[in-house]
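Novice: just coords:
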């Protein structure tokens, strides 16, 4: 678990770089939906990433029924930071729960699918982290489409 906690710490540092950058943007641009990005905004993608962690790690792996992402209408970057504090708690709980069973298959249920899929906790963690980085790239691209010049958000030390 120690190594994965350290890896998640690095993920959080890159997330913080993106949050800091988003704070420098006009709120209207953070919330602007672009047709070329499936009518999503940077804020929408932050919400989507948070939901992914919550659903895969919280609901499916930890089987927490009362876990969800609540993003207030008109949310700003500070609101999204608070959402991710909740996400961080779920990830930390997940890492503690599965620290000695990373490769033990779990049957997880997916809405609309008749049967569970079998995945390992390591797969779930990897899926959620890579999903975040995929959408982080989209957020940076959205900001470029809006005429902004983003800083480095990957090579954060």
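Specialist: That came through, no problem. Given the structure is predicted, the values throughout are model-derived calculations rather than measurements.
Novice: For the residue most central in space within the chain, identify the helix or strand it belongs to.
Specialist: Central residue of the chain (C-alpha atoms, centre = their mean): residue 49, 3.2 Å from the mean position. According to DSSP states H and E, residue 49 maps onto helix 42-53.
Novice: Helix or strand next in line after that helix, which one?
Specialist: Next along from helix 42-53, by DSSP H and E: helix 77-97.
Novice: Which strands and helices lie in contact with that following helix?
Specialist: helix 2-24, helix 42-53, helix 121-145 (3 or more C-beta pairs under 8 Å, 6 or more residues apart in numbering; DSSP states H and E). Where C-beta positions appear, they are placed from N, C-alpha and C, glycine not excepted.
Novice: Mean neighbour count, those: which tops it?
Specialist: Ranked by mean neighbour count, the helices and strands packed on helix 77-97 are led by helix 42-53 with a mean of 22 (mean count of other C-beta atoms under 10 Å).
Novice: Contacts for that one, please.
Specialist: Residues from elsewhere that reach helix 42-53, judged by C-beta atoms under 8 Å, 6 or more residues apart in numbering: 22, 25, 29-33, 40, 69, 71, 75-76, 80, 83-84, 86-87, 90-91, 128, 131-132, 135-136, 138-139, 142-143.
Novice: Tell me the gap between stretch 89-96 and the middle of its chain.
Specialist: Here stretch 89-96 is found 14 Å from its chain centre; the criterion is C-alpha atoms, centre = their mean, to the nearest Å.
Novice: Residues touching that stretch, excluding its own?
Specialist: Contacts of stretch 89-96 with the rest of the structure, by C-beta under 8 Å, 6+ apart, involve 1, 4-5, 8, 53-54, 57-58, 61-62, 64, 67, 121, 124-125, 128.
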